[in-house]
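Q: Sharing a sequence plus its predicted fold:
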Amino acid sequence: MARVNLKQPNELTGEARKAYEELEAAGKITNMKLVMLQDYGTYKAFMGWYDSWGSLVKVVGQRAATIYAHSVSTTNGCQLCSLFFISDLKELGLDPNNFETSENEKKTKNSSSSWDSR
């Protein structure tokens, strides 16, 4: 079986090395991120998700953004993503199977299900 030949952290250079050092200092290095750092463009594209998430939270708030993200994950059938956002809902004190949404949260949540028909 073919395997990816991973560069070790000390073999990373340039922006990849800098990103690794920042992740390490923050205690946020994972195997997945180390694999993506093999190609800095891939890593940068992945990390752009965090910028998008931050923008969404600024517009609708943490709770509504989490409800929305969970709804998108569920609609798309991504079990891993769904489990991640279930954990986030619980951190907000919400029962993922039974919680009330505000009118704005309901609109945000329902907008994700409209993607299902595409």
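A: In hand now; what should we look at?

Q: any idea how far Thr74 lies from Ala25?
A: Separation of Thr74 from Ala25 (CB to CB, to the nearest Å) stands at 35 Å. For every residue, glycine as well, the C-beta is placed using N, CA and C.

Q: Same question for Ser71.
A: With CB to CB as the criterion, Ser71 and Ala25 are 34 Å apart.

Q: returning to what we had before: just want to know which of Thr74 and Ala25 has more residues nearby.
A: Under the criterion of other CB atoms under 10 Å, the comparison of Thr74 against Ala25 puts Thr74 first, with 19 against 9.

Q: any idea which element that one lies in?
A: Under the assignment given by DSSP states H and E, the secondary-structure element containing Thr74 is helix 62-76.

Q: okay, the closest residue to Gln38 other than its chain neighbours: pLDDT?
A: In space, not counting the residues next to it along the chain, Gln38 is nearest to Lys7; the distance is 5.9 Å by CB to CB, 6 or more residues apart in numbering. Reported pLDDT at Lys7 in the predicted model: 85.

Q: I'd say Lys7 and Met36 touch.
A: No. Between Lys7 and Met36 there is no contact, the gap being 11.7 Å when judged by CB atoms under 8 Å.
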